[in-house]
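Enquirer: This is the structure alone, sequence omitted:
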């Protein structure tokens, strides 16, 4: 069954099939393994969308990120379908398979470049990520180009602002013209790791993931082994 919030995209033809009714100006991007996507992801994305007046938030499941061991990661088609289901009730959310369709390693700079070509230079891209990622941005492939393609929204736990974090932001702003916004979000103690462990032990994950994602996990016997 086709989900209207899902957009099937490949590197060769995604510009043709991704067709928003209205060209939006402020687009948030949430990338991640999403194994599985959970309510914490959705709550934070919605809070950020409202605070920064974003027109859309694109959820992009990762393909083969070079920094992560994927030996125990669920197949991409399952992760993508769970994201599709999770975002289906929010008209401001979209799921894209641009990274899982790409062969080989997937890099953020390639995804941002493709989105920029599709959406145009006038569209502002905001990459939403955890505060800890800011400390590692200089290890990303062509990170200087990434800073030119998008702004970052670094999501903090309430009350958390470490000196290392703030110093790194200032360093990146001064030396690379990076635009990094800080957003405090609700404290949501949910993790994909804990959800997988609960399913493996036969425990309930109700209210941790959307109901349709919970059903999909059960229907496909995910995380049982």
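Expert: Received, thanks. In this text the structure is predicted, and so the values were computed from the model without any measurement.

Enquirer: Phi first, then psi, for residue 82.
Expert: Dihedral angles of residue 82 (phi, psi; degrees, to the nearest 10) stand at phi -60, psi -40.

Enquirer: before we move on, what about residue 96?
Expert: With angles defined as degrees, to the nearest 10, residue 96 sits at phi -120, psi 140.

Enquirer: let's have the chain start at 336 instead
Expert: In the new count, where the first residue is 336, that last one comes out as residue 431.

Enquirer: excluding its backbone neighbours, what's nearest it?
Expert: With C-beta to C-beta, 6 or more residues apart in numbering as the criterion, residue 431 has its nearest non-adjacent residue at 5.0 Å, and that residue is residue 395. Every C-beta, even on glycine, is put in place using the N, C-alpha and C of the backbone.

Enquirer: Wasn't that neighbour part of a helix?
Expert: No - Residue 395 is assigned strand when assessed by DSSP: H, G, I helix; E, B strand; the rest coil, not a helix.

Enquirer: Just confirm it contacts residue 363, I think it does.
Expert: No - at 10.8 Å, residue 395 and residue 363 do not qualify as touching, with contact defined as C-beta atoms under 8 Å.

Enquirer: Next, the buried residues of stretch 552-560.
Expert: Within stretch 552-560, the residues that qualify as buried are 552, 557, 558, counting by 16 or more other C-beta atoms under 10 Å.

Enquirer: follow-up on the earlier one: who's the residue nearest to residue 431 bridged to?
Expert: Listed beta-bridge partners, residue 395: residue 366 (assigned using DSSP bridges).

Enquirer: Just the pLDDT for it.
Expert: Predicted confidence (pLDDT) at residue 395: the value is 98.

Enquirer: Next: residue 481.
Expert: Taking residue 481 on its own, its pLDDT is 98.

Enquirer: If you count neighbours, what's buried in the helix or strand hosting it?
Expert: Assigning secondary structure by DSSP states H and E places residue 481 in helix 478-484. Within helix 478-484, the residues that count as buried by 16+ other C-beta under 10 Å are 478, 481, 482, 484.

Enquirer: Mind putting those residues into TSV with distance to residue 389?
Expert: Formatted as TSV, the buried residues of helix 478-484 follow (distance: C-beta to C-beta, whole Å):
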residue	distance to residue 389
478	23
481	19
482	19
484	16
